[in-house]
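Peer 1: Curious how this folds, go ahead:
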Amino acid sequence: MSEPLASDAQAYYDRGGEARRLFRGHGTLELARTQEILLRHLPSPPAAVLDVGGGPGVYACWLAAQGYRVTLIDAVPLHVEQARAASARQPTAPVMGWRVGDARRLEESDASVEVVLLLGPLYHLTERADRLRALREARRVLRPGGLLFAAAVGRFASLLSGVAENLLGDPDFAAIVDRDLRDGQHRNPTTNDYFTTAFFHLPRELEDEVREAGFALVELLGVEGPGWLLPDLERRWADPAERAHLLDAARAVEREPSLLGLPPHLLAVARTPS
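Peer 2: Numbers count the residues shown, from 1 in each chain. You can find the predicted model right below:
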């Protein structure tokens, strides 16, 4: 079996930027909306949550602070150390555990947790067979009726980002977009911050994979809505009234099939059979 991350993806995350990503730019909108969707479905604390691909621990620490029993797993050692440090900053509500691991080979026992978060692994496992392995592992460790939250990067993320940021005039970026649109395989051979090796899903592909892994789909949502494309998003996000408008706009289109390709992230909510 291949490594859980391509070497360039490992190097990309070793630079440490993921710890800041959700607190600036359209990451703030992604964070707020993902938290909102999670709260819509999560069982009451102290349910056991396995945060697979949990990065530097933003969601794990947030959930632990609300009383959930959270274990974080990530393929990047730096992320695990950052999560450990973040947990230490909230000693009255720490994350229960953290370790380096692979979404396709979980150490947890069968039917041992109520919730699995896969908020990153599916877009770094570029082969469909590997994504199905990760989804089936999530199903294995979930209790009957347990909840899965599986995120994907949308197929049109680079194209729309290129329009918003005026990047399509760069031939290297245009070539990246062409491949994204052709087969979903995102590759960045440049030194520019055009993300790293990943797979970008069409909505129906994410739905098909979740169902094939044995889950019952509860809902498939677009996360950020249209607001992520705004050039002045940070200014508007700082205004509480404008922030409310941006969140309302995201909610208004979150389930509309014809607009699921608009936001950069999709989120599948699914259950194991009872």
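Peer 1: how close does the closest residue to residue 114 other than its chain neighbours sit to residue 7?
Peer 2: Excluding the flanking residues, the one nearest residue 114 by Cβ to Cβ, 6 or more residues apart in numbering is residue 47, at 4.2 Å. C-beta here means a position set from N, CA and C on the backbone, and glycine is covered the same way. Applying Cβ to Cβ, to the nearest Å, the value for residue 47 to residue 7 is 36 Å.
Peer 1: again, but for residue 229
Peer 2: Counting by Cβ to Cβ - residue 229 and residue 7 are separated by 32 Å.
Peer 1: So between residue 47 and residue 7, which is more surrounded?
Peer 2: residue 47 (18 against 10; other Cβ atoms under 10 Å).
Peer 1: is it fair to say residue 188 lies in a strand?
Peer 2: No. In this structure, residue 188 is coil, not part of a strand, as judged by DSSP: H, G, I helix; E, B strand; the rest coil.
Peer 1: Return the residues in contact with it.
Peer 2: By Cβ atoms under 8 Å, 6 or more residues apart in numbering, residue 188 lies in contact with 8, 176, 194-197.
Peer 1: all helices for this structure, in order.
Peer 2: 7-14, 18-21, 27-41, 58-65, 77-88, 121-124, 128-141, 157-165, 171-183, 203-212, 233-237, 240-253 (DSSP state H).
Peer 1: Hmm, residue 243 is touching residue 237, no?
Peer 2: Yes. With contacts counted by Cβ atoms under 8 Å, residue 243 reaches residue 237, the gap being 5.3 Å.
Peer 1: Looking at these two, which one has more neighbours?
Peer 2: residue 237 (20 against 17).
Peer 1: Distance of the more buried one relative to residue 135?
Peer 2: Taking Cβ to Cβ, one finds residue 237 at 33 Å from residue 135.
Peer 1: Repeat that for residue 21.
Peer 2: 24 Å.
Peer 1: Those two - which one has more neighbours?
Peer 2: Between residue 21 and residue 135, counted using other Cβ under 10 Å, residue 135 has the larger neighbour count: 28 against 16.
Peer 1: could you list every residue that touches the closest residue to the more buried one other than its chain neighbours?
Peer 2: If the residues on either side of it in the chain are set aside, residue 135 comes closest to residue 213, at 3.5 Å by Cβ to Cβ, 6+ apart. Counting by Cβ under 8 Å, 6+ apart, residue 213 touches 132, 135-136, 138-139.
Peer 1: Pick out the residue nearest the middle of this protein.
Peer 2: residue 119 (2.9 Å; Cα atoms, centre = their mean).
Peer 1: Contacts only, for that one.
Peer 2: 34, 51, 53-55, 59, 149-151.
Peer 1: cutoff 10 Å now
Peer 2: Neighbour list for residue 119: 30, 34, 38, 51-55, 58-59, 149-152, 265, 267 [criterion: Cβ atoms under 10 Å, 6 or more residues apart in numbering].
Peer 1: Which of the residues you listed sits closest to residue 88?
Peer 2: residue 58 (14.7 Å; Cβ to Cβ).
Peer 1: Name all residues that make contact with the nearest residue to the closest one once chain neighbours are set aside.
Peer 2: Nearest non-adjacent residue to residue 58, counting by Cβ to Cβ, 6+ apart: residue 22, 5.4 Å away. Contacts for residue 22 were tallied using Cβ under 10 Å, 6+ apart; they are 28-32, 34-35, 55-56, 58-59.
Peer 1: hmm, 8 Å instead?
Peer 2: If you count contacts by Cβ under 8 Å, 6+ apart, then residue 22 has 28, 30-31, 58 around it.
Peer 1: That one and residue 56, how far apart?
Peer 2: 9 Å.
Peer 1: now do residue 274
Peer 2: From residue 274 to residue 56 the distance is 34 Å (Cβ to Cβ).
Peer 1: the more surrounded of those two?
Peer 2: residue 56 (27 against 8).
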